[in-house]
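Asker: give me coordinates for this.
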Amino acid sequence: MAAVAMASAANYGAYFRTNTKNKYKFPIFELKNHSWPAASANILEKRSVRLSSSMVRIIPRATPSATAVENDDTDTVPTPKVIIDQDSDPDATVVEITFGDRLGALMDTMNALRNLGLNVAKANVYLDSSGKHNKFAITKATTGRKVEDPELLEAIRLTIINNLLEYHPESSSQLAMGATFGVEPPKEKVDVDIATHIRVDDDGPNRSLLYVETADRPGLLVDLVKIISDVNITVESGEFDTEGLLAKAKFHVSYKGKAISRPLQQVLANSLRYFLRRPTTEEASF
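Answerer: Got it, this is the predicted structure:
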């Protein structure tokens, strides 16, 4: 299983497809040979970032605007959070951004997402004890439908984080991505062995819920889908949260249209754990 878990994702993309036999009508990830169309070069702006595995060269950055740092003199820097939700809206991908009370109108971030070929509508803003939550409804401009390509979902996530680092440099030390393209890298590095937690629960007779928590890094969403698909498990809709230095994913998964059996749950958990805790084993072995 180690060989399966460490397989390279370089030659694959992953897409949602509709499973007409699935009573829940969720889109399903399907791995295919993938290459970026030539037109994708038009969305690149100012900075390119090398991502792990199959995800490369996608981080457009908006022109600086009035949404610069707010309350910069605050002593305690809040934990930035970016949530990509594929469950709550059947017609759109819902993205939620929280950074205490420091986020502005986020027009710069909306413009950067439009540069990825997306329609972006600001759904609402609400306040609670953790700060101001900004929600966006996102669809593909070409189809008017929700985003179903994991590589594009990862591009959305990293574009948001890149703009967060641009306009709120104080968030750099709070985000794992700050080590890659932030002003100030995180003061502490997360121990991936300690940070990684995997759990599979039943969610009815036809699907299971997979929970993954691990140290964040570029390309993680794509890599998770790849390794799950490598053990022939179908990935349905879910949620991917970036919370500071950690990433937390929740996927609806199934095997041949049914919930995952206990033995297969263990295989899945072991494969993910091996892959996540040793992401550079192949390179380090030479």
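Asker: low-confidence stretches in the stretch 1-150 of the chain?
Answerer: Along the stretch 1-150 of the chain, the model assigns pLDDT under 70 to residues 1-75.
Asker: and the longest helix for this protein?
Answerer: helix 150-167 (DSSP state H).
Asker: what helices and strands are in contact with it?
Answerer: For helix 150-167, the packing partners by 3 or more Cβ pairs under 8 Å, 6 or more residues apart in numbering; DSSP states H and E come out as strand 12-18, strand 81-85, strand 93-98, helix 107-114, helix 178-181, helix 220-230, strand 234-243. (C-beta placed from N, C-alpha, C; glycine too.)
Asker: wait, Ala137 sits on Leu113?
Answerer: No: Ala137 lies out of contact with Leu113 (Cβ atoms under 8 Å); the separation is 11.2 Å.
Asker: anything in contact with each of these two?
Answerer: Val120 (Cβ atoms under 8 Å, 6 or more residues apart in numbering).
Asker: higher neighbour count, these two?
Answerer: Leu113 (23 against 18; other Cβ atoms under 10 Å).
Asker: how close does the closest residue to the more buried one other than its chain neighbours get to Asp108?
Answerer: Setting aside the residues directly before and after it, Leu113 is nearest to Val120 in space (Cβ to Cβ, 6 or more residues apart in numbering), at 4.9 Å. Distance of Val120 to Asp108, computed by Cβ to Cβ, to the nearest Å: 12 Å.
Asker: how about the CA coordinates for the longest helix of the chain, as CSV?
Answerer: Extracted in CSV, the C-alpha atoms of helix 150-167 (Å, rounded to 0.1, in the frame of the first residue of the first chain):
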residue,chain,number,x,y,z
PRO,A,150,-10.0,19.9,-7.5
GLU,A,151,-7.1,21.7,-9.2
LEU,A,152,-9.2,24.8,-9.7
LEU,A,153,-10.5,24.5,-6.2
GLU,A,154,-6.9,24.5,-5.0
ALA,A,155,-6.2,27.4,-7.2
ILE,A,156,-9.1,29.3,-5.5
ARG,A,157,-7.8,28.5,-2.1
LEU,A,158,-4.2,29.6,-2.8
THR,A,159,-5.3,32.7,-4.7
ILE,A,160,-7.3,33.8,-1.6
ILE,A,161,-4.4,33.0,0.7
ASN,A,162,-2.0,34.8,-1.6
ASN,A,163,-4.1,37.9,-1.5
LEU,A,164,-4.5,37.6,2.3
LEU,A,165,-0.7,37.6,2.6
GLU,A,166,-0.5,40.6,0.2
TYR,A,167,-3.0,42.8,2.0
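Asker: report the distance from it to the chain centre.
Answerer: Averaging C-alpha positions (Cα atoms, centre = their mean, to the nearest Å) puts helix 150-167 9 Å from its chain's average.
Asker: ok, now stretch 229-246?
Answerer: Distance of stretch 229-246 from its chain centroid, counting by Cα atoms, centre = their mean, is 8 Å.
Asker: most tightly packed of the helices and strands packed on helix 150-167?
Answerer: The highest average neighbour count among those, using mean count of other Cβ atoms under 10 Å, belongs to helix 220-230 at a mean of 24.
Asker: for that helix, packing partners?
Answerer: Helices and strands touching helix 220-230, by 3+ Cβ pairs under 8 Å, 6+ apart, are helix 2-5, strand 12-18, strand 27-33, helix 150-167, strand 208-215, strand 234-243, strand 246-254, helix 262-277.
Asker: can you lay out those as TSV showing distance to Ile227?
Answerer: Formatted as TSV, the helices and strands packed on helix 220-230 follow (distance: least, Cβ to Cβ, whole Å):
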stretch	distance to Ile227
helix 2-5	6
strand 12-18	11
strand 27-33	11
helix 150-167	12
strand 208-215	10
strand 234-243	10
strand 246-254	12
helix 262-277	5
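Asker: lowest average confidence across these, which one?
Answerer: Ranked by mean pLDDT, these end with helix 2-5 at the bottom, a mean of 36.
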